[in-house]
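A.B. asks: Coordinates for the following, if possible.
(one chain, ligands or ions: 1)
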Amino acid sequence: MIIDVHGHYTTAPAALGAWRELQIASLKDPGRAPKVSELKISDDELRESIETNQLAKMRERGSDLTIFSPRASFMAHHIGDFQTSAAWAAICNELCFRVSQLYPRHFIGAAMLPQSPGVDPASCIPELERCVKDYGFVGINLNPDPSGGHWTSPPLTDRHWYPLYEKMVEHDIPAMVHVSTSCNACFHTTGAHYLNADTTAFMQCLSGDLFKDFPTLKFLIPHGGGAVPYHWGRFRGLAQEMKKPLLDEHLLNNIFFDTCVYHQPGIDLLTAVIPVKNILFASEMIGAVRGIDPQTGYHYDDTRRYIEATLHLGAEERFLVYEGNARRVFPRLDAALKAQGR
Ligand SMILES: [Zn+2]
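C.D. replies: Prediction:
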């Protein structure tokens, strides 16, 4: 199987964005707040948005199943308060659930959390549990910076986050560490803020001892780990100076990287530097980079081509990247597949 662990519902019907616009407008005029029940999207509209987009590309590129979460840049946790995020997360998660019901062999959900700057992350637990228990979701997206580029929350190693980690461990779900829209003009959302956050999350974990407290906690760092693989020597050296254990032992039982790196030399480096057991196939399709690379003639985000062309990966390593590691990191995904006879 080829499992893509990083897909967002970037192609949701326009009614979703229109509802969000009304919700944002109502922050200044609460009388205009839209009701959740006012958003009406039919199954046919969902099918249309998926079959002509993600599913068409999955068939074209040969991937079988996508772990599907709400559009990351739309999470925008910095907007409004907890109630704003709670209503928005509930709507977005339900749409991903409905897609997973319409295409149970091709999509399975990962939850957006109703995070809000300055609000205790424990407030996200009811939505997390609803998504796991009622929707069969297999993971969550955890935003280390709900302020949207101002980094007002404590680092991921702080006890601030522990209530969520306890629930993740209890339900055996990993978190993809994933920020949302930047509202800081210094950081372009997908070109800087995302990659900064990937790098920052890794360094926070390196500086702390989080996995001593949570030995089974798992983080998936997307976009190939930001700058991490490229600067692996720097990170190893910093860990050494901080008297931390070797990174293999300190972090690599708990931290994993995806393959959303959009050129061959990047994938060559990722797979040469990071142990194969820590790399999970992903494309983030249809996402931030939608064009065709004039150097190859193929879409930048057609990441399977790079894995296929990586000379130092043999059949067993490719199996781990495409399927084996995803089943290990997402145990609920493995159970759901087994229940389908896969
Ligand atoms: Zn993403």
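
A.B. asks: now Arg304: how far from Ser283?
C.D. replies: 7 Å (CB to CB, to the nearest Å). Every C-beta, even on glycine, is put in place using the N, C-alpha and C of the backbone.

A.B. asks: more crowded one of the two?
C.D. replies: Neighbours per residue (other CB atoms under 10 Å) separate Arg304 from Ser283, with Ser283 holding more: 27 against 21.

A.B. asks: thinking again about what came up before, which residues do Arg304 and Ser283 both contact?
C.D. replies: With contacts defined as CB atoms under 8 Å, 6 or more residues apart in numbering, the residues shared by Arg304 and Ser283 are 61, 63.

A.B. asks: Return the residues of the stretch 51-200 of the chain in contact with the ion.
C.D. replies: Residues of the stretch 51-200 of the chain lying close to the ion (CB under 5 Å from the ion) are Ala72.

A.B. asks: Let me see the ranges of the strands in the stretch 51-200 of the chain.
C.D. replies: Secondary structure of the stretch 51-200 of the chain by DSSP state E, counting those that start in this stretch: the strands cover 65-70, 107-112, 139-142, 175-177.

A.B. asks: Pick the most deeply packed of those strands.
C.D. replies: Of all these, strand 107-112 has the most neighbours on average by mean count of other CB atoms under 10 Å, namely a mean of 28.

A.B. asks: Quick one: residues contacting Asn141.
C.D. replies: So, once contact is read as CB under 8 Å, 6+ apart, Asn141 ends up touching 69-70, 72, 75, 110-113, 175-176, 178.

A.B. asks: Read off the pLDDT value for it.
C.D. replies: Looking at Asn141, its pLDDT reads 98.

A.B. asks: Pick out the residue of the stretch 201-342 of the chain closest to the ion.
C.D. replies: For the stretch 201-342 of the chain, the residue closest to the ion is Glu284, as judged by CB to the ion, at 4.8 Å.

A.B. asks: Tell me how many other residues surround that residue.
C.D. replies: 26.

A.B. asks: That one is in contact with Val5, isn't it?
C.D. replies: No. Using CB atoms under 8 Å, Glu284 is not in contact with Val5, being 9.7 Å away.

A.B. asks: mind listing what the residue of the stretch 201-342 of the chain closest to the ion touches?
C.D. replies: 6-8, 222-223, 258, 260, 301.

A.B. asks: What's the separation between it and Thr259?
C.D. replies: From Glu284 to Thr259 the distance is 9 Å (CB to CB).

A.B. asks: Can you list the buried residues in stretch 274-290?
C.D. replies: Neighbour-count burial for stretch 274-290, counted by 16 or more other CB atoms under 10 Å, picks out 274, 276-288.

A.B. asks: can you list the residues of the stretch 201-342 of the chain near the ion?
C.D. replies: Glu284.

A.B. asks: Let's verify the residue of the stretch 201-342 of the chain closest to the ion: helix, strand, or coil?
C.D. replies: Three-state assignment for Glu284 (DSSP: H, G, I helix; E, B strand; the rest coil): coil.

A.B. asks: okay, it: pLDDT?
C.D. replies: Glu284 is assigned 97 on the pLDDT scale.

A.B. asks: And Pro30, by the same measure?
C.D. replies: 85.

A.B. asks: got it, and the one 3 residues further on?
C.D. replies: Residue-level confidence at Ala33 comes out at 90, pLDDT.

A.B. asks: wait, what's in contact with the closest residue in space to it that isn't next to it in sequence?
C.D. replies: Excluding the flanking residues, the one nearest Ala33 by CB to CB, 6 or more residues apart in numbering is Ser26, at 3.9 Å. Counting by CB under 8 Å, 6+ apart, Ser26 touches 32-34.

A.B. asks: and the residue nearest to Ile255 when sequence neighbours are not counted, what are its bridge partners?
C.D. replies: Among residues not flanking Ile255 along the chain, Phe219 sits closest, at 5.2 Å (CB to CB, 6+ apart). For Phe219, the beta-bridge partners are Ala175, Ile255 (DSSP bridges).
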